[in-house]
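Enquirer: prediction below, plus the sequence it came from.
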Amino acid sequence: MHMLKRDKKDEEDGSSNPYANLEKSAVLQEARTFNETPINPRRCCHTLTKILYIINAEHEGEHLGTTEATETFFAMTKLFQSNDPTLRRMVYLTIKEMANIAEDVIIVTSSLTKDMTGKEDLFRAAAIRALCKITDSTMLQSIERYMKQAIVDKVHAVSSAALVSSLQLMKTSHDVVKRWVNEATEAVSSDNMMVQYHALGLLYHIRKNDRLAVSKLVSKYTRQSLKSPYAVCLLIRIACKLLEEDGAGHDSPMFDFIESCLRHKSEMVIYEAAHAIVNMHNTTARELAPAVSVLQLFLSSPKPTLRFAATKTLNKVSMTHPAAVTACNLDLENLITDVNRSIATLAITTLLKTGSESSVDRLMKQISSFMSEISDEFKVVVVQAIKSLCMKYPRKHPVMMNFLSSMLRDEGGFDYKKSIVDTIISILEENSEAKEAGLAHLCEFIEDCEHTSLAVRILHLLGREGPRVAQPSKYIRFIYNRVILENAAVRAAAVSSLAKFGANCEDLLPSVLVLLERSLLDSDDEVRDRATLYLSVLKQHQKVLNSAYILNALNVSIVGLERALHHYTTEPSDVAFDIKSVPLETQPITEQKTPGDAMQSKTADKIALSRQDIYSEQLSAIPEFDSLGPLFKSSSMPVELTESELEYSVHCIKHTFSNHIVFQFDCTNTLNDQLLENVTIHMDPSDGFEVVNYVPAQCLKYNTPSTTYTCVKVPDDPLSVTSTLSNTMKFLVKDCDPNTGEPDHDGYEDEYVLEDIEVTVCDHIQRVMKPNFGASWEEIGDDNQIEETFALSAKSLAEAVKNIISFLGMQPCERSDKVAEGRSSHTLYLAGVYRGGHDVLVRSRLALMEGAVTMQITVRSTQLSASEVIASAVG
Amino acid sequence: MGLLDKLAAWLGFKKKEVHVLCIGLDNSGKTTIINQLKPKDSQYEDIVPTIGFSVEKFASSALSFTVFDMSGQGRYRNLWEHYYKDAQAVIFVVDSSDKLRMVVAKDEMDQLLSHSDIKNRRLPFLFFANKMDLREALSSVKVSSMMGLENLQNKPWHICASNALTGEGLHEGVEWLTDQIRSNQKR
């Protein structure tokens, strides 16, 4: 007993790894024992283990180079003279690991073929796996015969190894493996479970690209019942995929097969079939019923795996077919006290999704009793369930908020805390009643929060939402505590947040000023700088300044700003740095923002941001465009100017500069017997636009995209900004040999007509987010205000809002792009920057009357012509 | 090695193990020769071109041989040198019916003899002038002169005509090799 305890302690220390501190050079030195005669199998095995460890433990910085690996590999080949089974299998393992590191590994081919066809069954399967790993498609021919024999070998392990290795080989040499169909078919009729499964897998992958062949395969094996449950499971998956591709209904024989599998004697198959039916796209309640009832039986199974699988599947179904799952509610209720906490969590979250509003309280109580016992991963599942519940039953938010706040207080990793904070923020954004409670919980959370990014985020939120509640002063203490207690990043965020309170609430201003003054002596530069700036701004008592420097942040692209500043410092000039020359931050399109694709829009944002920077870099590399100034905006999606599958394909991207528009044409030549040279796109301008110059693509080879540019000057008249330009591609054709790509010497001129390009208002406007629209609106003032009224053709308010946003290409602010259901009027706030760096704000009041939408649009801008353009654009 | 094994080795019951390298151009019959020398029950029925190398074992009257049967194909010949170091004898197989490539075989042999792992060792070289059954086959004397064997000074060598398909001439060569190795070890 005492011994046992000590052993356990040793394990916990983790000091028992004998390979932890291996040195590469020492191990390679040790590999010399391979050359000794006679061979000492035990020592060699040990050395091979060390080599394997070094190859796989690359994090320790010991990397085996090609030369070293090759040398060791050759030394190791000498071990083939020993017949010690353990040593031989270690050799196989090392061959597999070294296959991609060492050179000339094919040298062991004959030795391995000898082993795989030899008498020693112990060696054969492993030899096949090693052999297939070192073989490339040219060498495969020479071992093909052995592989075919091995597939139908009567030893199951050998047959399985050959089948699985063939699957691996498919990736590189599909054509050779395709010839082994007959052997694979024979192996399917094996009486061994694994062989049958692997053989079916190989057959399927060989025929994968031929739909007809696959459906024949399925119908053949659904009729002759397969013995192996694994094979049946695979067959179900293949059948499902076919059904999905065909879009076939439930009368198809494939579906009948899957349904019949619900009555199979193996639990694995039954589950697979139920899972398949449940996950099909167009299942109706009638098909779902038998599958769900099977899962229901599993719910009361004594095996935890089955219970887990069934609950997990039902949890998924409850999102799409809550009604079907209601039948299982009773069984799920029994599971919420399951000893396996993972099962219990899934059961409760399922019930939360299907249950009625009245049961929420009880379930929440139950789940909080064991929250501390489940892993973070499942806690996140619970949090997500709560989030969707809050959307469904907004009235339940007090219960949820309390629960979430108690979860926040518990121990947990960053992902878990982040998902809770996300949920609370989304609840208080959706539901104004929950706002105060939510903010209070978050305030409490940041009092003891070790995650800087979360604290910063919450402080930012407090700065935005806090000043608008009835009693903003209660948040000041929480924020100021951060200034005293936290690290520099949080302190800086807290200072910004304080300043926002000062800017928004007159009565708090004196206190805020006092607090900010204390930060003037902070040890961190950033905090000091922020405090100094905010103090001097706030002391001016001017709303315009507050709005520009405190409430609304800088809207420029960070990367662009960095580049512009760098450029400015390297080439000193007497002129002050102009912030308007910096490209603006591209805003993500937030129109269809659902919780589901929140992630997606985040990544899209990143791409868009970097895309514009890439374009700006590409364009600045072209000397012709040097004089155009900084890039203002690039159109987000390329426009196709040709129909697909024609001779040439051309996509256009518009780049707007302060007085010019550069059209970038990405051309692809799809004819392999032609080489195009000197390709330009000639534009036929109208409405006062004029072509300045062309930058031709020197050479357009087959299937290699190339780019040509056309620069067009925008008319001086500030009001004519839109136009339609017709395009012709002109080039010199040289015929060439499709095989070699060698062109003829002479060519002839040719041209190709492309579709027209439209320049619209939104090409001149960049989206900009104004976090505080009201302040900005006042800041701009009504000097250049234009107001007009229009009748729109849209049928509903939502449609009208969508059209206006896409037409003007401006950023909706204050979440005004969402129209509340059943309202007859709506106000849309849009913000943007007009070409040349002029702020433009639009307030558009919409009213729905007798099925038609009337709009009163008010445009304010720092330049009158910009207001006129926008106002006239709508009409 | 157990006590009994040691005793057996001391008394000379257990055969001494030696490492032999079997090389030569492709299609000269190396694998077939080795296959023929193996005990009847472990022989293969069909011989395919060797890729890389394979390790085979057979025994003569007094020694147990471990042979590294190397591939003779051009792309693998540079791999031979990895195995020179621990070879105790070399079997060099020449296709005596392939007059055209005799110079290539000589070239490979010269390279082998000038290798640092071979040059200064008294390794016994056994040459098989294989495929003697073919009509256009050269005699062993002719082969040895075409290979320039008379210039081979510091090493014991022997050439015998052989037919690997029937086994003719093989045992004579192996017996010579056994004697040479045993006398090498006595010295």
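Expert: Cool, the structure landed.
Enquirer: in stretch A:698-713, which residues are buried?
Expert: A:699-702, A:706-713 (16 or more other Cβ atoms under 10 Å in any protein chain shown). Where C-beta positions appear, they are placed from N, C-alpha and C, glycine not excepted.
Enquirer: now do the helix or strand A:A564 falls within, average pLDDT.
Expert: Assigned by DSSP states H and E, A:A564 belongs to helix A:558-570. Computed over helix A:558-570, the mean pLDDT rounds to 78.
Enquirer: name the spans of chain B whose pLDDT lies under the cut-off.
Expert: B:1-14, B:186-187 (pLDDT under 70).
Enquirer: strands along that one, start to end?
Expert: Secondary structure of chain B (DSSP state E): strands at B:16-24, B:53-59, B:63-70, B:89-95, B:125-130, B:157-161.
Enquirer: quick one: closest of these to A:L314.
Expert: Of all those, it is strand B:53-59 that lies closest to A:L314, at 57.8 Å by Cβ to Cβ.
Enquirer: buried ones in that closest one?
Expert: Going by neighbour count (16+ other Cβ under 10 Å), the buried part of strand B:53-59 is B:53-58.
Enquirer: specify which member of those residues is nearest to A:N40.
Expert: B:V55 (17.1 Å).
Enquirer: how near is the closest one to B:L123?
Expert: 19 Å (Cβ to Cβ, to the nearest Å).
Enquirer: now B:E108
Expert: 16 Å.
Enquirer: can you list phi and psi of the residue of chain B found nearest chain A for me?
Expert: Nearest residue of chain B to chain A, counting by Cβ to the nearest Cβ: B:G52, 3.3 Å away. Backbone torsions of B:G52, given as degrees, to the nearest 10, read phi 80, psi -100.
Enquirer: and A:L202, what does it touch?
Expert: Residues counted as contacts of A:L202 (Cβ atoms under 8 Å, 6 or more residues apart in numbering or on different chains) are A:163, A:166-167, A:170, A:177, A:180, A:184, A:187.
Enquirer: how about the helix holding A:A564: buried residues?
Expert: Residues of helix A:558-570 classed as buried: A:559-560, A:563-564 (neighbour count, 16+ other Cβ under 10 Å).
Enquirer: which residue packs closest to whichever residue of chain A sits closest to chain B, ignoring adjacent ones?
Expert: Residue nearest to chain B within chain A: A:I107 (3.3 Å; Cβ to the nearest Cβ). Using Cβ to Cβ, 6 or more residues apart in numbering or on different chains and skipping the chain neighbours, the partner closest in space to A:I107 is B:G52 (3.3 Å).
Enquirer: what sits against that neighbour?
Expert: A:106-111, B:71, B:76, B:79.
Enquirer: hmm, try it at 10 Å
Expert: Going by Cβ atoms under 10 Å, 6 or more residues apart in numbering or on different chains, B:G52 touches A:77, A:104-113, A:134, B:69-71, B:73, B:76, B:79.
Enquirer: same question, A:D104
Expert: A:70, A:73-74, A:77, A:134, B:52, B:75-76, B:78-79, B:82.
Enquirer: next one, pLDDT for it please.
Expert: A:D104 carries a pLDDT value of 83.
Enquirer: cool, A:V842 as well?
Expert: 87.
Enquirer: look up the pLDDT of the nearest residue to A:E690 once chain neighbours are set aside for me, please.
Expert: Leaving aside its sequence neighbours, A:E690 sits nearest to A:K713 (Cβ to Cβ, 6+ apart; 5.1 Å). pLDDT recorded at A:K713 is 84.
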